[in-house]
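S.K.: Pasting the sequence and the predicted coordinates here, then a few questions.
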Amino acid sequence: MPAAPPAVPRSPASHPAKRRPAKQPPAAERVYAYIKRAVLDRRYEGGTLLTEGDLADAVGVSRTPVREALLRLEVEGLIKLYPKKGALVLAVSAQEIADVVETRLLVEEFAVRRVMPASPALIARLEELLEVQRQRAREGDLAEVAVSDRCFHAEIVRHAGNQILMRLYDQLRDRQLRMGVTIMEAHPDRIAKNITEHAELLDAIRAGDEEGAAQCVRRHVSRVRVLVRGDDR
């Protein structure tokens, strides 16, 4: 019986590639993301005092990256640092809400008029985002409901084609998300109402009704200020 041919040694290149573990973000970035998410979700509510030691333990890092992350968050206006004491999570102020609502009204009404007549791509994307919002509402995830709500409006702004306005609108993102969760916790019925108002806005956009769409935006965005005053009916 003929001998079996000798095994051919495999070259290094022919060996299966070893799967490398995913590289973790830098420690300061992980702490920053952890704290910011907790503030936006309101797991850390306004008035909460955070300490470097507790945050370091929660994320599993040293205190140095915690300090770096807290400095970034202070610049963004989410916390206030107090040397040797910690970081105070800042509450959403009435002035901040008024400023955000005023800016949103200016940007969003301009944008909804600018996208008319709306492209099929925009309409399809808004339909998709509205369905996502309905699904998140059924799941009861307020943070994700707020994200999908914000994405719905941001898509209209993006399609308006003004890059400067888009960047300005993006700067409101964190404040919008935190306000959204705050309002939905205080007024759970607003979740369904927001979805209804989004559907009305989408109908006006689909129909090419520029004035009707602008009125929907004004009513919907202005409602934030009314809710904060406690005058909602």
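M.R.: Here it is on my side, so go on. Numbers count the residues shown, from 1 in each chain.
S.K.: The protein: helices as residue ranges?
M.R.: Here the chain has its helices, by DSSP state H, at 27-41, 52-59, 63-75, 94-114, 120-139, 142-159, 163-170, 173-186, 190-207, 210-229.
S.K.: So for Asp232, what's the pLDDT?
M.R.: Here the pLDDT value assigned to Asp232 is 48.
S.K.: go on, Glu102?
M.R.: 93.
S.K.: Next, count neighbours for it.
M.R.: 13 (other Cβ atoms under 10 Å). From N, CA and C alone the C-beta is placed, and that goes for glycine too.
S.K.: And the contacts of the helix or strand bottoming out on mean pLDDT in the chain?
M.R.: Comparing helices and strands within the chain by mean pLDDT, DSSP states H and E singles out helix 173-186 as the least confident, with a mean of 85. With contacts defined as Cβ atoms under 8 Å, 6 or more residues apart in numbering, helix 173-186 is touched by 36, 39-42, 76, 78, 92, 96-97, 100, 104, 142-143, 145-147, 149-150, 154, 190-191, 224, 227-228.
S.K.: same thing but at 6 Å, please
M.R.: Leu40, Arg42, Val92, Val100, Leu142, Ala143, Ala146, Asp149, Arg150, Arg190, Ile191, Leu227 (Cβ atoms under 6 Å, 6 or more residues apart in numbering).
S.K.: of the residues you listed, buried ones?
M.R.: Among those, those classed as buried by 16 or more other Cβ atoms under 10 Å are Leu40, Arg42, Val92, Val100, Leu142, Ala143, Ala146, Asp149, Arg150, Arg190, Ile191, Leu227.
S.K.: check contacts around the first one.
M.R.: In other words, Leu40. Per Cβ under 6 Å, 6+ apart, neighbours of Leu40: Leu177, Arg178.
S.K.: where's it relative to Gln95, distance?
M.R.: According to Cβ to Cβ, to the nearest Å, Leu40 stands 19 Å off from Gln95.
S.K.: Next up, the contacts around Leu105.
M.R.: Contacts of Leu105 (Cβ under 6 Å, 6+ apart): Val221.
S.K.: circling back: among the helices of the chain, which comes closest to Lys84?
M.R.: helix 52-59 (10.0 Å; Cβ to Cβ).
S.K.: Return the list of helices and strands in contact with that closest one.
M.R.: With contacts defined as 3 or more Cβ pairs under 6 Å, 6 or more residues apart in numbering; DSSP states H and E, helix 52-59 has these neighbours: helix 27-41, helix 63-75.
S.K.: Mean pLDDT and distance to Thr48 for those helices - can I get that in CSV?
M.R.: As requested, those are exported to CSV (pLDDT from 0 to 100; distance: least, Cβ to Cβ, whole Å):
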stretch, mean pLDDT, distance to Thr48
helix 27-41, 93, 9
helix 63-75, 96, 13
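S.K.: which of the contacts of helix 173-186 sit farthest apart?
M.R.: Every pair of these checked by Cβ to Cβ; the farthest is Val100 and Ile191, at 19.5 Å.
S.K.: what's the domain layout of the chain?
M.R.: As recorded under automatic domain parsing, the domains making up the chain are 27-89, 94-229.
S.K.: Endpoints of the shortest one, how far apart?
M.R.: Going back to what we said before, that points to domain 27-89. 21 Å (Cα to Cα, to the nearest Å).
S.K.: now the residue nearest in space to the middle of the chain: how far from Asp41?
M.R.: For the chain, the residue nearest the mean C-alpha position is Val147 (4.5 Å; Cα atoms, centre = their mean). Using Cβ to Cβ, Val147 is found at 10 Å from Asp41.
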